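1. Take this sequence and fold it.
(one chain, ligands or ions: 2)
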Amino acid sequence: MISKKFLTDLEIDRISHALEDGISSLARVMGVNQHQIEPVKKLSQIKKSEFGTYFLKYPGIPCVVSDAMTHWPAMQWDFQNLKDRFGNIEIMVQPSLREKENKYTVQFRDYIEYVLGKKNASDLLQVGETTIPSSERLYGLAFHPFSTHPDLFNEFDECPYFVEDYFSGLIGERFRTAMRAFRHHWLFIGPKGSLSQFHSDHHDVMTYLAQIKGRKLVLLVSPNETEKITSPEGPLNPFSICMHTFKSYKEVTFFAAVLEPGQMLFLPRGWNHYVLGLTPSITLSKDIVNIFNFGEYFLNLFVRDLPYLATKLNHLPAHVKKQIGINWKIRD
Ligand SMILES: O=C(O)CCC(=O)C(=O)O
Ligand SMILES: [Fe+2]
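-> Ligands and ions are numbered 1, 2, ... in the order given. Just a heads-up that it's a prediction; the model follows:
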């Protein structure tokens, strides 16, 4: 069994190699029983009217959809043309999703060279910044070119054909501006070994992960089993299971899939996901809200997390605030 959070290239190759024997071969590498690994359902030609009832009713069933992105201009994105488009932008990179510390600002152009293995982490960072251990990968997961390049919205579907989405379905320019300002779109660009540790998405949104380039391993755990993969020290790392901290890991079912370009993973609300880049990759992700999660989303964001929401609105650019009619400011 592999024993660290960040995996070396060799360890990732070992996982890729095991995957050639099928998804259940992961059990061997993870040190769990074969029956604990289930393949994620693969779907196409989905009827919207049936999808909600069968796949989204809590706790829902995650799935990989193979025919939602074929017509997207975004399928043409690659490392080179994104570098040509956004080379001068500065982006924030960090070792792993939800990592609070160790965030670094780097030039997008240099970061792409790093993603492709042509630069080391130390070449990327400014003089004076601490050197990072060579096992850690820097992940460009806060890259958000959409506000400065709204033309990007014409290159993919904000709402895939098989699902309802209030963010894109409700009409009105003001509403759309507000929703886009909220940042419900995410572009993840990362090297081989990029890591998003087990987490579920903010405020109970549902999410799609659209794979544009490269391959990723995804492991999913139902919201009903969250406590089995959670400890005060952090989430379970499926490739370094610590018996003491996670007594019940032998009871967890891991839904697993390898995401290939053109495939879209759809996650109902609350599903825990662990995502490992098997190669350099580009993934586009979008939050979805509809009748199946609106209640929880509303309670989370507008009731429980109201101070966060107010602060976020307070910090929107002045022209956006004006456009959507925010006439107030938070007092110091
Ligand atoms: O692709 C990844 O590394 C993680 C993506 C993710 O967690 C999300 O979009 O919600
Ligand atoms: Fe996520």
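2. how near is the spatially closest residue to residue 85 that is not a sequence neighbour to ligand 1?
-> Ranked by CB to CB, 6 or more residues apart in numbering and with sequence neighbours excluded, the top spatial neighbour of residue 85 is residue 149, at 7.5 Å. Every C-beta, even on glycine, is put in place using the N, C-alpha and C of the backbone. Separation of residue 149 from ligand 1 (CB to the nearest ligand atom, to the nearest Å): 19 Å.
3. pLDDT value on residue 149, please?
-> Note for residue 149: predicted pLDDT of 89.
4. What about it, how many residues nearby?
-> Here the count is done by other CB atoms under 10 Å, and residue 149 has 13 residues near it.
5. mind checking which helix or strand residue 186 is in?
-> Using DSSP states H and E, residue 186 maps to strand 185-190.
6. For that strand, name the packing helices and strands.
-> helix 108-115, strand 140-143, strand 281-288 (3 or more CB pairs under 8 Å, 6 or more residues apart in numbering; DSSP states H and E).
7. Does ligand 1 have contacts with that strand?
-> Yes - on the criterion CB under 6 Å from any ligand atom, strand 185-190 is in touch with ligand 1 at 186, 188.
8. With stretch 246-257 instead?
-> No - Stretch 246-257 lies apart from ligand 1 when judged by CB under 6 Å from any ligand atom; the minimum separation is 12.4 Å.
9. Backbone dihedrals for the residue nearest to residue 85, please?
-> phi -130, psi 70 (degrees, to the nearest 10).
10. Could you export the helices and strands packed on strand 185-190 as CSV, including mean pLDDT, distance to ligand 1 and mean neighbour count?
-> As requested, the helices and strands packed on strand 185-190 are arranged in CSV below (pLDDT from 0 to 100; distance: least, CB to the nearest ligand atom, whole Å; neighbours: other CB atoms under 10 Å):
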stretch, mean pLDDT, distance to ligand 1, mean neighbour count
helix 108-115, 95, 13, 21
strand 140-143, 84, 6, 20
strand 281-288, 97, 3, 23
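11. so which of those gets nearest residue 16?
-> strand 281-288 (13.0 Å; CB to CB).
12. so what strands line up beside that closest one?
-> The pairing partners recorded for strand 281-288 under DSSP bridges are strand 185-190 (antiparallel), strand 206-213 (antiparallel).
13. burial count for the closest residue in space to residue 316 that isn't next to it in sequence?
-> Closest residue in space to residue 316, ignoring its immediate chain neighbours: residue 181 at 5.5 Å, by CB to CB, 6+ apart. Using other CB under 10 Å, residue 181 has 18 other residues around it.
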